[in-house]
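A.B. asks: build me a structure from this.
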Amino acid sequence: MKVLITGITGFVGSSLARALAAEGAEIFGLARNMANLSRLAGLKATVIEADVTVRESLDGIFDWVDYVIHAAGRLGEAGVPESDFLYLHVDGTNNVLAEIEKLDNPPQILYVSSPGVLGPISGSPADETAVLAPSNAYERSKASAEMLVQVYANAGLPVIITRPEFIYGPRDTHVLGLFQAIQQGRFFYIDHGRHTCHPTYIDDAVDGMLRCMRDGRTGEIYHIAGPDCVTFQELATTIAAAIGVPPPSRSLPRSLAMAGAAGLELATKPLGKKPPLSRDGVAFFSEDRCFSWQKAHQELDYTPQFDLKSGVQETVAWYKKEGLL
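C.D. replies: Next up is the predicted model:
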């Protein structure tokens with residue numbers, strides 16, 4: 001089995017590659033920057049220099065593989081123009097799918113999206129039938145990309161959408177800042193940490209995504225998430241216990257945190273620096289996001305194996321081994 005992964009140098013892409021290689025698959029990947037292959041150390045994979053936003057660089061790349069996992073993307077962060085997210089997530093996805101569409105026998109495609117396209121959730125966990133309601137630039141770009149993918153699927157391209165939520169674990173650096181802030185006593189709750197998130201340990205996320213790739217139905221969407229959504233207070237307390245430090249105790253109301261984040265964004269923008277707290281960050285910690293993974297369970301036999309405590313312990317152990325905590 002030959003699998004090509006766009007975004008193979010990222011946390012998710014490299015984790016998918018390692019799992020597939022362990023199963024005996026022949027791994028190929030696209031990388032825009034060949035100087036940043038650290039996450040692929042020790043992995044037998046053929047990496048091709050190409051950029052999904054440059055259509056010409058993709059010519060002939062998908063002809064000879066059985067599966068394509070389109071995982072190239074950029075996570076939300078302060079100061080990034082919305083046009084940058086749209087360029088990568090929408091134009092890049094269109095380039096990949098348009099190239100594959102030209103083939104007489106196209107490979108099965110897995111598009112890696114995010115439940116964030118549904119925006120904040122109130123009430124019961126949201127399933128895949130919920131209406132798209134993105135609330136920030138990153139989510140809007142992923143929602144637009146999903147709509148584009150559905151157009152291709154409706155035209156007959158064998159593409160499946162997977163939405164893994166809030167992935168964390170060894171080799172991740174995006175969520176590392178949260179662990180470090182808790183270790184250093186800098187983390188504070190917003191609205192006493194009562195809002196919810198839905199963490200997913202990387203091994204569960206990879207297992208679920210690969211089940212989507214192999215057994216999912218063309219044109220369908222599948223949420224992949226951890227066993228339970230938790231409050232931010234539960235998340236922070238669990239991280240603190242695993243690190244061995246006191247749990248956070250300070251809290252700010254959302255309105256005050258938003259005002260402070262706006263000021264930090266304004267102050268750091270002329271310096272070209274990322275603010276230590278952004279309005280999108282405040283929104284993340286002061287909104288509820290909880291998702292149902294029952295469709296993947298019923299159709300694909302997906303069941304997450306790592307609860308929050310075990311996943312966080314594995315993550316902290318790796319961070320400490322690497323000298324990051």
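A.B. asks: contacts, neighbours, all on C-alpha from now
C.D. replies: OK.
A.B. asks: tell me how far stretch 61-73 is from the chain's mean position?
C.D. replies: 18 Å (CA atoms, centre = their mean, to the nearest Å).
A.B. asks: how about whichever strand or helix holds Y138: buried residues?
C.D. replies: Secondary structure assignment for Y138, by DSSP states H and E: helix 137-154. Buried residues in helix 137-154, defined by neighbour count with 16 or more other CA atoms under 10 Å: 137-146, 148-150, 152-153.
A.B. asks: next secondary structure after that helix?
C.D. replies: strand 159-164.
A.B. asks: which elements pack onto the helix or strand just after that following strand?
C.D. replies: Going down the chain from strand 159-164, the next helix or strand is strand 167-168, by DSSP H and E. Packing contacts for strand 167-168, counted by 3 or more CA pairs under 8 Å, 6 or more residues apart in numbering; DSSP states H and E, involve strand 200-201, helix 202-215.
A.B. asks: what about 6 Å?
C.D. replies: The contact analysis (3 or more CA pairs under 6 Å, 6 or more residues apart in numbering; DSSP states H and E) places strand 167-168 against strand 200-201.
A.B. asks: P247 contacts I239, correct?
C.D. replies: No. Contact between P247 and I239 fails when scored by CA atoms under 6 Å: they sit 8.2 Å apart.
A.B. asks: one step back: let me know the closest of the buried residues of helix 137-154 to E265.
C.D. replies: Nearest to E265 among these: A137, at 15.7 Å, using CA to CA.
A.B. asks: what's the closest non-adjacent residue to the closest one?
C.D. replies: Ranked by CA to CA, 6 or more residues apart in numbering and with sequence neighbours excluded, the top spatial neighbour of A137 is E82, at 5.2 Å.
A.B. asks: and what of I190?
C.D. replies: L252 (5.0 Å).
A.B. asks: what's the burial count for the one you found?
C.D. replies: Using other CA atoms under 10 Å, L252 is surrounded by 14 other residues.
A.B. asks: cool, and M213?
C.D. replies: With other CA under 10 Å as criterion, M213 counts 21.
A.B. asks: who are the neighbours in contact with it?
C.D. replies: By CA atoms under 6 Å, 6 or more residues apart in numbering, the contact set of M213 is L110.
A.B. asks: list the beta-bridge partners for T231.
C.D. replies: On the basis of DSSP bridges, T231 is bridged to T196.
A.B. asks: which residues does it contact?
C.D. replies: Contacts of T231 by CA under 6 Å, 6+ apart are R194, H195, T196.
A.B. asks: okay if I get these as JSON lines plus pLDDT?
C.D. replies: Formatted as JSON lines, these follow (pLDDT from 0 to 100):
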{"residue": "R194", "pLDDT": "95"}
{"residue": "H195", "pLDDT": "96"}
{"residue": "T196", "pLDDT": "95"}
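A.B. asks: how close does the residue of the chain positioned farthest from its centre sit to W64?
C.D. replies: If you look at how far each residue of the chain sits from its centre, by CA atoms, centre = their mean, the farthest one is D104, at 31.2 Å. Counting by CA to CA, to the nearest Å, the separation of D104 from W64 is 11 Å.
A.B. asks: returning to that earlier point: can you pull the pLDDT of the residue nearest to I190?
C.D. replies: pLDDT, L252: 93.
A.B. asks: phi first, then psi, for it.
C.D. replies: Taking degrees, to the nearest 10, you get phi -130, psi 150 for the backbone angles of L252.
A.B. asks: which residues does Y201 bridge with?
C.D. replies: Per DSSP bridges, the residues bridged to Y201 are Y168.
A.B. asks: didn't it look like it was pressed against Y168?
C.D. replies: Yes. Y201 lies in contact with Y168 (CA under 6 Å); the separation is 5.3 Å.
A.B. asks: quick one: which of those two has more around it?
C.D. replies: Y201 (26 against 22).
A.B. asks: residues contacting that one?
C.D. replies: Here Y201 is in contact with I167, Y168, G169, G311 (CA under 6 Å, 6+ apart).
A.B. asks: so which of those residues comes closest to K44?
C.D. replies: G169 (21.7 Å).
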